[in-house]
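Got a predicted structure plus its sequence, pasted below:
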Amino acid sequence: MQLKLKLRVGDLMKERGITEGEMWKRSGVARNSVRALMRGQVTRLDVKSLERIADVLGVRPVELFDEVEGVPGQSVPRLAHV
């Protein structure tokens, strides 16, 4: 079974006025990976990278996810901001 994750990285960066270049410099995550995360074109995720991006954005890593698909009979909606 394969899970499909939808990330909010691009939306959160836009809300906070953080550019792609600024994100990769501050997070240490490769530019191509940041670009892919922004566009939702990621096929593999590195937890450490997500933690660093969340830190730059000032959110918990779980807040980077919009929804999860692929669990039989379920779609997990975006988590509420706490």
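Good, I have the coordinates. Residues are numbered from 1 along each chain as shown.

Just list the residues touching Glu20, thanks.
13, 31, 34-35, 38 (C-beta atoms under 8 Å, 6 or more residues apart in numbering). The C-beta positions use only the backbone N, C-alpha and C, and glycine is treated the same way.

so can I have JSON lines of the residues you listed showing pLDDT?
Output for the contacts of Glu20, formatted as JSON lines (pLDDT from 0 to 100):
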{"residue": "Met13", "pLDDT": "94"}
{"residue": "Arg31", "pLDDT": "91"}
{"residue": "Val34", "pLDDT": "90"}
{"residue": "Arg35", "pLDDT": "89"}
{"residue": "Met38", "pLDDT": "85"}
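
now these as TSV including neighbour count?
Listed next are the contacts of Glu20 as TSV, based on neighbours: other C-beta atoms under 10 Å:
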residue	neighbour count
Met13	20
Arg31	12
Val34	25
Arg35	15
Met38	18
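
These: which two are farthest apart?
Farthest pair in the contacts of Glu20 (C-beta to C-beta) is Met13 and Arg31. Separation: 13.4 Å.

a markdown table please, covering the contacts of Glu20 and showing distance to Glu51.
Output for the contacts of Glu20, formatted as a markdown table (distance: C-beta to C-beta, whole Å):
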| residue | distance to Glu51 |
| --- | --- |
| Met13 | 16 |
| Arg31 | 18 |
| Val34 | 14 |
| Arg35 | 19 |
| Met38 | 17 |
